[in-house]
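Asks: Got a sequence here, can you model it:
(one chain, ligands or ions: 1)
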Amino acid sequence: MTPLLLHKYHGLGNDYLVCHRSVAEQLRNEQIRILCHRHYGVGSDGLLIDSGDQNNPTLRIINPDGSEAEKSGNGLRIYARYLFDIGRVGHQPFLVHTAGGDVFCKVHEDPHQITVEMGRANFNPTALPALLDLYEALNYPLKLADETLSVSLVSMGNPHCVVLVDKLDLAEVHRLGPQIENHPLFPRRTNVQLVEVIDRSTLRIGIWERGAGFTMASGSSSCAAASVMRKLNLVDNRVNVNMPGGQLQITFGDDFQVSMCGPVHKIVSLTVDEDCFAGGDDALRRPEGNVPLSA
Ligand SMILES: N[C@H](CCC[C@H](N)C(=O)O)C(=O)O
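Replies: From the prediction side, this is the model:
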């Protein structure tokens, strides 16, 4: 086994491990999940795999539950900064391939600031996918076990279900997030955002990520929430999205082309000891967050 060299970065507290595909190819899906575990591994909201070749940067995104995401906004900003740090790119905009579409990234003169052209917000439910034969699903009544919610669906290359609320309550994100993430309407599950409109240029959002759960921030969620609020004419073309981890700036071009700008910070480069995996898959049956009294 060649050394398992990893790099850890975060975008507004949405933290990711980054590795070259030559490292990822040595890892089983269960081992990636252990690496993401907050107590038995390095801990992260996912693994970013530097795929493609020297001149065709390609990003794969693995969630902590082992599922693969089509796109990640914070992940793309982190990947762009990683490519800058290893000297693969400079300050000129460059193309990155993802399963959710090709995007242009730009590392600013201050390399803590990265802009990503995230593509066009797609309001057609089949783009998520969602099992709805509708052209758009805005203010759609989504039936849950104990209630019906008014939701709006949008794809940023990955799926999003946006819930407009009068006042953001993060406890509601924890309560509703898993129910919506796993709703049968979404054959590949979905990311979830609860959104409070502060004014026509400011949102507060809470995020429940597909395959990751509650996160401090999410780039594609910020784009999704802002796009739905723009579609509903509740915000203008420049929106500051506030999350527990901080703020991203979202800007709309023609036809709901979405641009996202925000920070990235590097935490550490490290080599993982193989002993990390010696405990087998037991770690995957252990709690991640605050350990419950009945553990
Ligand atoms: N869990 C997400 C991918 C990461 C999204 C988020 N971290 C971002 O910054 O966009 C999904 O399965 O679609």
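Asks: Pull up the per-residue confidence for the residue most central in space within the chain.
Replies: Closest to where the C-alpha atoms of the chain average out (CA atoms, centre = their mean) is S72, at 4.1 Å. Reported pLDDT at S72 in the predicted model: 98.
Asks: for E288, same thing?
Replies: Per the predicted model, pLDDT is 77 at E288.
Asks: Low-confidence regions, the protein specifically.
Replies: Applying pLDDT under 70 to the chain picks out residues 1, 289-295.
Asks: ok, now with 80
Replies: Applying pLDDT under 80 to the chain flags the ranges 1-2, 280, 287-295.
Asks: Surely the residue nearest to the centre of the chain and A217 touch.
Replies: No: when contacts are counted by CB atoms under 8 Å, S72 is not listed as touching A217 (11.1 Å). Glycine gets a C-beta too; all of them are placed from N, C-alpha and C.
Asks: re the thing from before, which residue, neighbours along the chain excluded, lies closest to the residue nearest to the centre of the chain?
Replies: Nearest residue to S72, sequence neighbours excluded (CB to CB, 6 or more residues apart in numbering): I61, at 4.6 Å.
Asks: Would you tell me which residues of this protein are close to the ligand?
Replies: With CB under 6 Å from any ligand atom as the criterion, the chain comes near the ligand at residues 14, 45, 61, 63, 69, 72-75, 158, 191, 209-212, 218-221.
Asks: what do you get if the cut-off is 8 Å, keeping everything else the same?
Replies: Counting by CB under 8 Å from any ligand atom, the positions of the chain adjacent to the ligand are 11, 14, 16, 45-46, 61, 63, 67, 69-76, 156, 158-159, 189, 191, 207, 209-212, 215, 217-223.
Asks: Where do the strands of the stretch 101-250 of the chain begin and end?
Replies: With DSSP state E, counting those that start in this stretch applied, the stretch 101-250 of the chain shows strands at 103-107, 113-120, 140-143, 148-155, 159-164, 191-199, 202-209, 213-214, 238-243, 246-252, listed in chain order.
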